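**Student:** Show me how the following folds:
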Amino acid sequence: MLELGSFIAGPFAGQLLGDYGAEVLKVETTTSGDPMRRWGVNVDGESLWWPSIARNKRSVAIDLRQEEGRDLIRRLATEVDVVLENFRPGTLVTWGLDYATLSALNPRLIMVHVSGFGQTGPRANDAGFGSIGEAMGGIRHTTGNPELPPTRSGISLGDSLAAMFAVIGTLAAVNERHASGRGQEVDVAIYEAVAALMESTMADHAIAGVTRGRTGSVLPGVSPSNVYPTSDGAEVLIAANADTVFRRLCDAMGRPDLADDPRFAEHAPRGANMAEIDGMIADWTRTLAADELLAAMEEHGVPAGRIYTAADMLADPQYAARDMVVELVNRFGTAVPATGIVPKFSRTHPGAPLPGPLLGGDTRQVLTTLAGVGDDEWAKLAANGVVLQAD
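**Tutor:** Model (predicted):
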């Protein structure tokens, strides 16, 4: 497959498809490549995110501003199954790289678009980033403290959700092609990827007149299910909202009487008295270190978990047992930890992922093999700055 585009939404979809076995040919600019090479925390001038989001990919550096570069994409498109792109809608049409053009050369081709608002509709051509998709998709309105303005989740959630729907759409289109023999376009809008996760919020508003808002760390009417402090400064989430589980929590607290108190004995009154029960639980958890609290919860069968930091994730034996932390050695010899492959498979086991490639590290080999570029043509393309091959 060809990956055209940059930043997160398209490249993360490419990362996931590469994890699942796709051969991903990442097309980058000949000057500086994907900005993700420098995005976020940098060490030795390279992003620590790059080895992961570009893993298992081959870098093909082509200047798409030149017609010779665009012609190379057309030639490559005849040899691949999928083209994944996240340019602003209309860009590929301008370049003569749109689906109508490429599918005329390869009728089995699947083209996957990821954009802010999709390829159609009144906002199709607007610039749209993940944050805008999160706002329009409704999740920003429901995220954060009710006394404060809407907040982000701490990660690029909209982009990542769009990438995951792009992967699902790609796999569905490939599966359909087995029956029809024909490719098609897959159109992912970031705002729609976010909106798809918004449960019954639109129905709640339209039918019942209920508009969900920000509730902090609690779920309204569901108690206890909150984050509680410990004596050593950690934070532990306890979810004991079922009647039987709440009784076990009361036993662990040494307060079995609370389970029979009419204010807390059943789900509905517990929800109505959430602040009071949360206060009593917090008073108790503050007397215990996190490990002591978690041990007590495990002993009494109460679901609980520490709020993990990156350090906790790296040290957790559950992560290690399921290969959820892998090391990617970058070009400077640094072992960069990254998340493993999700999901796990019982029979097929992907090999160790390869870190993000050098800019243009595979250009000549890919163009020679798939686009039929010979020595003379290569020399001309390189001299004109159309292509770049890493040393």
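**Student:** All the strands of the stretch 51-200 of the chain, residue numbers only.
**Tutor:** Taking DSSP state E, counting those that start in this stretch as the test, the strands found in the stretch 51-200 of the chain are 57-62, 82-85, 110-115, 185-189.
**Student:** Quick check: which of these is nearest to residue 26?
**Tutor:** Closest approach to residue 26 among those is made by strand 57-62 (4.3 Å; CB to CB). Every C-beta, even on glycine, is put in place using the N, C-alpha and C of the backbone.
**Student:** any residues touching the closest one, and which ones?
**Tutor:** For strand 57-62, the external contacting residues (CB atoms under 8 Å, 6 or more residues apart in numbering) are 3, 14-15, 18, 23-30, 33, 69, 72-73, 76, 356-363, 366-367, 386-390.
**Student:** How about stretch 6-17?
**Tutor:** Contacts of stretch 6-17 (CB under 8 Å, 6+ apart): 1, 3-5, 22, 24, 26, 28, 34-36, 39, 52-57, 82, 84-86, 112, 114, 130, 156, 158-160, 162-164, 166-167, 170, 188, 190.
**Student:** Just the buried residues from those residues, in ChimeraX please.
**Tutor:** Restricted to buried positions by 16 or more other CB atoms under 10 Å, the ChimeraX selection for the contacts of stretch 6-17 reads:
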select :1,3,4,5,22,24,26,28,34,36,39,52,53,54,55,56,57,82,84,85,86,112,114,130,156,158,159,160,162,163,164,166,167,170,188,190
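**Student:** Of the strands of the stretch 51-200 of the chain, which is nearest residue 149?
**Tutor:** So among the strands of the stretch 51-200 of the chain, strand 185-189 is nearest, using CB to CB, at 24.7 Å.
**Student:** Name the strands paired with the closest one and say parallel or antiparallel.
**Tutor:** strand 110-115 (parallel) (DSSP bridges).
**Student:** which residues are contacting the partner strand?
**Tutor:** Counting by CB under 8 Å, 6+ apart, 5, 9-10, 13, 81-89, 99, 102-103, 119, 124, 128, 162-163, 166, 169-170, 173-174, 177, 183-190 sit against strand 110-115.
**Student:** Stretch 135-150 too?
**Tutor:** Taking CB under 8 Å, 6+ apart as the rule, stretch 135-150 contacts 117, 134, 151-153, 157-158, 190-195, 197-198, 201, 212-216.
**Student:** hey, C-alpha coordinates of that stretch in CSV?
**Tutor:** Provided in CSV are the C-alpha atoms of stretch 135-150 (Å, rounded to 0.1, in the frame of the first residue of the first chain):
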residue,chain,number,x,y,z
ALA,A,135,-15.1,19.8,19.0
MET,A,136,-17.6,19.1,16.2
GLY,A,137,-17.9,15.4,17.1
GLY,A,138,-19.2,16.4,20.6
ILE,A,139,-16.5,14.9,22.8
ARG,A,140,-14.9,18.2,23.9
HIS,A,141,-18.3,19.3,25.3
THR,A,142,-18.4,16.3,27.6
THR,A,143,-14.7,16.3,28.6
GLY,A,144,-13.4,18.0,31.7
ASN,A,145,-14.6,19.7,34.8
PRO,A,146,-18.1,21.2,34.7
GLU,A,147,-16.9,24.5,36.2
LEU,A,148,-14.2,24.9,33.5
PRO,A,149,-14.1,25.3,29.7
PRO,A,150,-14.0,22.1,27.6
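**Student:** Quick one: classify residue 238 as helix, strand or coil.
**Tutor:** strand (DSSP: H, G, I helix; E, B strand; the rest coil).
**Student:** okay, residue 352: pLDDT?
**Tutor:** If you check residue 352, the pLDDT there is 80.
**Student:** burial of it, as a residue count?
**Tutor:** 11 (other CB atoms under 10 Å).
**Student:** what helix or strand is the spatially closest residue to residue 301 that is not a sequence neighbour on?
**Tutor:** In space, and not counting its chain neighbours, residue 301 is closest to residue 248: 5.4 Å by CB to CB, 6 or more residues apart in numbering. Assigned by DSSP states H and E, residue 248 belongs to helix 243-253.
**Student:** now that helix, how far from the centre of its chain.
**Tutor:** 36 Å (CA atoms, centre = their mean, to the nearest Å).
**Student:** got the contact list for that helix?
**Tutor:** Contacts for helix 243-253 (CB under 8 Å, 6+ apart): 224, 238-240, 256-259, 264-267, 270, 280-281, 284, 296-297, 299-303.
**Student:** just stretch 339-359 next, same as before
**Tutor:** 18-21, 26, 28, 32-33, 37, 50-59, 61, 322-326, 328-331, 336, 338, 388, 390.
**Student:** Tell me the bridge partners for residue 186.
**Tutor:** residue 112.
**Student:** how close does it sit to residue 95?
**Tutor:** Distance of residue 186 to residue 95, given as CB to CB, to the nearest Å: 19 Å.
**Student:** Settle it for me: which of these two has more neighbours?
**Tutor:** residue 186 (22 against 18).
**Student:** Leaving out chain neighbours, which residue sits closest to the residue nearest the centre of the chain?
**Tutor:** Ranked by distance to the mean C-alpha position of the chain (CA atoms, centre = their mean), the top residue is residue 160 at 2.8 Å. The shortest distance from residue 160 to any non-neighbouring residue, by CB to CB, 6+ apart, is to residue 12 (5.8 Å).
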